[in-house]
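Build me a model from this:
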Amino acid sequence: MLSTTVLSTSLGQFTLQADTTGLCGLLFPDEAASPVSTSPVDITTHPLLMETGRQLLAYLDGRLHTFDLPLSIHGTPFQQQVWMQLCAIPYGHTMTYGQLAERIGNRNKARAVGGAAHANPLGIIIPCHRLIGAKGRLTGFGGGLPMKQTLLNLEQRFLFSGTGKKGCPKAEATS
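Got it, this is the predicted structure:
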């Protein structure tokens, strides 16, 4: 069963989800939750969700560039490979689907990279918003293109003012 809570931010209400292993879901304000058995909790009673909320708010304020949270992400080996490469895109920078596909060994898998990015259960924390289309075009994003542009603008604004190491949190990855 997932523990869930809602976090109010300047960008709207995000739904945070955790299982017994780690953080497993971050839903954007307009994103519907999947029909999974959940247990709503008060954020102050769940240490992981409370820390996730603290870090997400710090990120949105430009005070945090990298999250440090235990993750519980489930996907195919290819999806997990893409998600790890998304974590290698530095804060405030972007990469095209084709560039990421090339990085994992096959530039012809740009569409598959897009599918894996779309399946990312932890948008922002695993920064799929940094993935863009050819010629710099903004393309699909679970939180919507306006949210994607907002996150990219936020990172550009705070690029040289934050702290933190590059990359994503350590994940307990399972297929």
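
Could you list everything the residue most central in space within the chain pairs with in the sheet?
Centrality entry for the chain: nearest residue to the mean C-alpha point is residue 123, 2.3 Å, by C-alpha atoms, centre = their mean. Taking DSSP bridges, one obtains residue 126 as the residues bridged to residue 123.

So the chain: which segments form each domain?
2-60, 71-174 (automatic domain parsing).

Okay, now the first one: how far is its last residue from its first?
With C-alpha to C-alpha, to the nearest Å as the measure, domain 2-60 spans 25 Å from end to end.

Now it: average pLDDT?
For domain 2-60, mean pLDDT is 89.

One more: stretch 99-114?
Rounded mean pLDDT across stretch 99-114 is 92.

and if you look at stretch 119-135?
Rounded mean pLDDT across stretch 119-135 is 93.

returning to what we had before: does the residue nearest to the centre of the chain touch residue 143 like I think?
Yes: using C-beta atoms under 8 Å, residue 123 is in contact with residue 143, at 6.0 Å. In short, each C-beta sits where N, CA and C put it, glycine included.

Residue 152 sits in which helix or strand?
Here residue 152 sits within helix 145-158, counting by DSSP states H and E.

Mind listing residues that contact that helix?
11, 28-29, 60, 62-63, 65, 91-92, 94, 124, 129-130, 138, 141, 143 (C-beta atoms under 8 Å, 6 or more residues apart in numbering).
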